[in-house]
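Asks: quick one, what's the 3D model for this:
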Amino acid sequence: MASIRIRSRRDGSTYTAILWREDGKQTSMSFDDHAAAIRFKQHLEQAGPDKARAILGVVDTPTHVETITTWCDAYITGLTGVEEATRNRYRAYVTRDLATIGATPLFAVDEQLIAGWVNTMQADGASGKTIANKHGFLAGALKVAVRRGLLPANPCENTRLPSHDREEMCFLTVDEFAELRDAMTERWRPLATFLVTTGCRFSEATALQVGDVNVAAGTIRISRAWKYTGNAVEKLGGPKSRKSRRTINIPPQALEAMGDLSDRKRTELVFTTQRDTRVKAQLFHNKAWRPALSKAGLNGKRPRPHDLRHTCASWMIAAGVPLPVIQAHFGHESITTTIGTYGHLDRSSSEAASAAIGAALQGI
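Replies: Have a look, this model is predicted:
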């Protein structure tokens with residue numbers, strides 16, 4: 001760990017000294033520029049003295065040097081097929097979260113520097129999931145740098161990240177859902193019923209338009225969802241992934257929850273506020289969800305609105321619906337997502353596998 005000292009010369013001027021121990025000896029370096037001293041200290045602690053001195057020599061040279069910041073900025077600009085909200089989030093990573101190592105020349109980035117950056121985020125209280133997201137962004141940027149010959153290998157590849165537990169899902173029984181729904185005021189019950197009977201994401205359900213509903217066939221077409229732009233604004237866009245664009249069958253209770261659509265325009269939102277505007281997640285949480293939770297017992301459970309989606313999946317699995325059908329219904333990009341999320345609920349398949357082995361071994 002390096003330390004910093006502000007010292008005075010005989011002529012009254014001051015300079016900044018950085019002190020550290022190297023090979024068992026006290027070592028120091030002085031700077032007239034305090035900001036340069038701070039940067040050197042950061043590089044010293046994250047990459048070691050040799051790399052810090054090399055970085056200092058390159059940065060002091062008046063030629064252009066590709067740094068983590070300049071490379072990541074170019075990487076973000078060159079991304080294709082991503083939402084503007086994603087670009088804005090990545091730019092925030094560069095400005096806020098990579099600031100301590102951003103001035104590091106690309107050639108000087110190594111596993112030790114990345115490990116120091118990760119450890120700093122963890123020491124500052126960042127969650128495992130947050131660290132994984134930010135590390136994943138940097139790993140992607142440096143992967144492109146490797147492909148273009150700017151780095152011999154990706155220094156993020158072998159980083160051991162802090163563990164993070166996935167937020168526990170909450171599954172409601174039919175009776176528990178009924179208790180929760182009945183604790184809501186009348187105007188919010190249809191949306192809650194629609195969410196649990198279709199398994200739609202909240203952003204999909206509240207983007208559903210009248211023209212997306214085929215009452216005769218008992219289906220809905222999910223082709224849009226509300227998307228965050230990263231600037232506290234939401235806009236209509238495509239759903240979460242390619243396979244999230246889907247047509248699904250829905251039960252009579254879901255059709256009933258949408259009300260009479262016959263006299264409504266095809267472009268109108270199915271679910272709206274009393275002012276005919278879209279239902280925002282925060283509004284639903286404040287006006288419907290939270291008050292209902294305070295009234296309903298639910299055997300001590302504290303579900304989130306998204307748990308209505310999980311509850312729908314659990315009811316399907318209990319009824320014997322195969323996981324690939326659930327994958328298509330829920331719009332998961334891969335069956336791996338479905339199995340990883342809900343596979344533990346599918347006891348019937350495990351029981352069938354066990355019974356098959358038992359039957360094969362009968363008589364021996």
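
Asks: tell me the spacing between the spatially most central residue of the chain and N88.
Replies: By C-alpha atoms, centre = their mean, the chain has its centre lying nearest to N133, at 6.7 Å. Note on N133: its distance to N88, by C-beta to C-beta, to the nearest Å, is 14 Å. In short, each C-beta sits where N, CA and C put it, glycine included.

Asks: give the pairing partners of the longest strand along the chain; include direction for each.
Replies: The longest strand of the chain (DSSP state E) is strand 14-22. Its sheet considered, strand 14-22 pairs with strand 3-8 (antiparallel), strand 25-31 (antiparallel) by DSSP bridges.

Asks: among those, which is nearest K265?
Replies: Across those, K265 has its closest neighbour in strand 3-8 (66.2 Å, C-beta to C-beta).

Asks: residues in contact with that closest one?
Replies: 14-20, 30, 34, 37-38, 41 (C-beta atoms under 8 Å, 6 or more residues apart in numbering).

Asks: which helices and strands sit right next to the helix or strand hosting T338?
Replies: Of the helices and strands defined by DSSP states H and E, T338 is found in helix 335-342. Applying 3 or more C-beta pairs under 8 Å, 6 or more residues apart in numbering; DSSP states H and E, one finds that helix 335-342 contacts helix 307-318, helix 323-330.

Asks: name the stretch among these that sits most buried.
Replies: helix 307-318 (a mean of 21; mean count of other C-beta atoms under 10 Å).

Asks: also compute the angle for it relative to helix 323-330, please.
Replies: Relative orientation of helix 307-318 versus helix 323-330 (axes from the mean of the first three to the mean of the last three C-alpha atoms, to 10 degrees): 150 degrees.

Asks: what's helix 307-318 in contact with?
Replies: 169-172, 174, 177, 192, 195-201, 303, 323, 325-326, 329-330, 341-342, 345-346, 348.

Asks: separate out the buried members of these.
Replies: 169-172, 177, 192, 195-201, 303, 323, 326, 329-330, 341-342, 345-346 (16 or more other C-beta atoms under 10 Å).

Asks: so which of those belong to helices?
Replies: Taking DSSP state H, the ones among the buried ones among the contacts of helix 307-318 that sit in helices are 177, 192, 195-198, 323, 326, 329-330, 341-342.

Asks: hmm, which of these is lowest in pLDDT?
Replies: Within the set of those, pLDDT is lowest for T341 (78).

Asks: buried ones in stretch 179-192?
Replies: 179-181, 183-184, 188-192.

Asks: work out the gap between that stretch and the centre of the chain.
Replies: 29 Å (C-alpha atoms, centre = their mean, to the nearest Å).

Asks: quote the end-to-end distance of that stretch.
Replies: Using C-alpha to C-alpha, to the nearest Å, one end of stretch 179-192 lies 12 Å from the other.

Asks: what are the contacting residues of it?
Replies: Taking C-beta under 8 Å, 6+ apart as the rule, stretch 179-192 contacts 172, 193, 205-206, 257-259, 271, 274, 279, 284, 287-288, 291-293, 295-298, 303, 308.

Asks: can you give me the helices for the stretch 1-150 of the chain?
Replies: 34-47, 49-59, 68-78, 84-92, 111-123, 128-147 (DSSP state H, counting those that start in this stretch).

Asks: circling back: quick one: buried ones out of the contacts of stretch 179-192?
Replies: Buried, going by 16+ other C-beta under 10 Å: 172, 193, 205-206, 257-258, 271, 279, 284, 287-288, 292-293, 296, 298, 303, 308, out of the contacts of stretch 179-192.

Asks: pLDDT score for G78?
Replies: pLDDT, G78: 92.

Asks: got the contact list for it?
Replies: With C-beta under 8 Å, 6+ apart, G78 has no contacts at all.

Asks: for the spatially closest residue to I76 that is not a sequence neighbour, give its distance to G136.
Replies: Distances taken as C-beta to C-beta, 6 or more residues apart in numbering put Y90 closest to I76, at 4.9 Å, once the chain neighbours are dropped. Distance of Y90 to G136, given as C-beta to C-beta: 11 Å.

Asks: compare neighbour counts for those two and give me the winner.
Replies: Neighbours were counted for Y90 and for G136 using other C-beta atoms under 10 Å; Y90 has more, 22 against 13.

Asks: what about the more buried one, distance to Q122?
Replies: 21 Å.

Asks: the nearest residue to V65 once chain neighbours are set aside and A292, how far apart?
Replies: Leaving aside its sequence neighbours, V65 sits nearest to P105 (C-beta to C-beta, 6+ apart; 4.9 Å). Using C-beta to C-beta, P105 is found at 56 Å from A292.

Asks: next up, the contacts around the residue lying closest to I114 once chain neighbours are set aside.
Replies: Leaving aside its chain neighbours, I114 sits nearest to P155 (5.0 Å; criterion: C-beta to C-beta, 6+ apart). Counting by C-beta under 8 Å, 6+ apart, P155 makes contact with 109-111, 113-114, 142.

Asks: rerun at 6 Å
Replies: 109-111, 114 (C-beta atoms under 6 Å, 6 or more residues apart in numbering).

Asks: so what does it have for phi and psi?
Replies: Torsion angles at P155 (phi, psi; degrees, to the nearest 10) stand at phi -70, psi -10.

Asks: ok, now how distant is the residue nearest to the centre of the chain from Y342?
Replies: For N133, the distance to Y342 - C-beta to C-beta - is 23 Å.
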